[in-house]
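Peer 1: please work out how this folds:
(one chain, ligands or ions: 1)
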Amino acid sequence: MTRPTGWGLIGASNVAREWIIDAIRAQPGGEVRAVLSSDEARGAAFAQAHGIASHTTSLQALLSRPDIDAVYISTNNSLHREQTIAAARAGKHVMCEKPLALSVEDATDMVQACNHARVVLATNHHLRNAATHIAMHGMIEDGRIGGLIAARVFHANFLAATLQGWRVNDQGGGVILDSTIHDIDTLRFLFDADPTSVFCMTQSGRLARDGIADGVMAVLRFPGDVLVQIHGGYTVPYAPGGIEIMGERGVIIGRDCMSQRPIGSVAVRTSDGEHEIQLKHHNLYHRAFELFTAAIHGGGRPAATGEDGVASLAIALALRESARTGREIGIKLP
Ligand code: NDP
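Peer 2: Numbers count the residues shown, from 1 in each chain. Okay, here's the model as predicted:
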């Protein structure tokens, strides 16, 4: 028999509206039972628009409900820490949005609180769930292109007008913590490794203000002397997104694979020419919530754990530090 999972949404956010409510409801027994908003009227409107039975402005009221097993946190980044720790103390499992927090210390506190309370903490790094990245990971693991030498990630676009809020005018935003952090997490997933050092330069001023980055070029060194280049940005219309992974015997080419949508292709180019890999696409968020739901009921682990969220945040913050200081920054993970 399907075990029901009662969810509370912490944050009446765009990402919850666009992707997450559907992903929760796609799970057998997955029910969105309440939404928390800091604004009574917005919470009421959100609940009504999405058929959610109750709404509240009180975190404690939401967390004290016995019919809520897990929470999805998608508030502003500065609130993730306090809300995650409160949820853990109330015995609720947590799927938290990235960046987990704004400092490594805060993110580590979140992991520790969830471990202490024996609840599952996951970070919503959705790209790990894409059929494209799963296929590329398998090909690297199978040695299809030999030893790795280098990679390039293209993940720049033009930020929709509706999203030009905290991303471009709040120090908790900026392209690195908002978007490049996903590229970092994806590389960690693809290579099963963390970079040892990073170097980064940023742009600001085309859309973002006060030195907040709206464009980034970074170089990461991974173990085995593998160099990776990332280009990210909010200001570039029409740019294709993708990844190229260069090995001693060939190249893996992921096209249109840095998307929230289940699209894109993967090809491998070797001495046999270029061959497209057959993919069966699926909704990235459905898979994230499927693995999370299994994990809270005792089976397996989420696609990206709390520890993954900490590591990807630490590397993203090292990119910011490199851009600020003009220095290569060594990575020390907690
Ligand atoms: P939103 O700006 O839509 O929501 C963030 C908060 O802003 C909400 O919690 C809400 O507060 C408040 N808010 C929303 N709409 C309004 C409004 N009209 N007026 C005033 N306040 C409003 O953020 P996003 O959905 O873009 O991002 C939320 C989180 O999710 C971030 O941490 C982000 O990094 C992450 N994210 C992750 C994605 C992924 O694919 N993994 C994709 C997009 C975002 P309240 O709840 O109090 O109402």
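
Peer 1: which SS class is the closest residue to the ligand within the stretch 201-334 of the chain?
Peer 2: Nearest residue of the stretch 201-334 of the chain to the ligand (Cβ to the nearest ligand atom) works out as residue 260 at 5.4 Å. All C-beta atoms are positioned from the backbone trio N, CA, C, and that covers glycine. Under DSSP: H, G, I helix; E, B strand; the rest coil, residue 260 falls in the coil class.

Peer 1: quick check, it in contact with residue 283.
Peer 2: No. Applying Cβ atoms under 8 Å, one finds residue 260 not in contact with residue 283, separated by 9.5 Å.

Peer 1: okay, the two: which has more neighbours?
Peer 2: Neighbours per residue (other Cβ atoms under 10 Å) separate residue 260 from residue 283, with residue 283 holding more: 19 against 15.

Peer 1: which residues does the more buried one contact?
Peer 2: For residue 283, the contact set (Cβ atoms under 8 Å, 6 or more residues apart in numbering) comprises 23, 26, 262.

Peer 1: count of residues packed around the closest residue to the second one other than its chain neighbours?
Peer 2: Nearest non-adjacent residue to residue 26, counting by Cβ to Cβ, 6 or more residues apart in numbering: residue 286, 4.8 Å away. Each residue near residue 286 was counted by other Cβ under 10 Å, and the total is 18.

Peer 1: quick check: residue 286 touching residue 21?
Peer 2: No. Look at residue 286 against residue 21 with Cβ under 8 Å: they stay out of range, at 11.9 Å.

Peer 1: tell me where the stretch 101-250 of the chain has helices.
Peer 2: Ranges of helices within the stretch 101-250 of the chain are 104-117, 131-141, 166-169, 175, 181-191, based on DSSP state H, counting those that start in this stretch.

Peer 1: avg pLDDT for the last one?
Peer 2: Confidence over helix 181-191 (mean pLDDT, whole number) is 98.

Peer 1: and what of the longest one?
Peer 2: Here helix 104-117 scores 98 as its mean pLDDT.

Peer 1: nearest the middle, which residue of this structure would you pick?
Peer 2: residue 125 (2.3 Å; Cα atoms, centre = their mean).

Peer 1: next, the contact list for it, please.
Peer 2: Applying Cβ under 8 Å, 6+ apart to residue 125 gives the contacts 98, 181, 182, 185, 186, 189, 303, 304, 308, 309, 312.

Peer 1: near the ligand, which residues of the stretch 51-200 of the chain? Just list them.
Peer 2: Contacts of the stretch 51-200 of the chain with the ligand, taken as Cβ under 6 Å from any ligand atom, map to 74, 75, 76, 77, 97, 98, 124, 126, 165, 166, 178.
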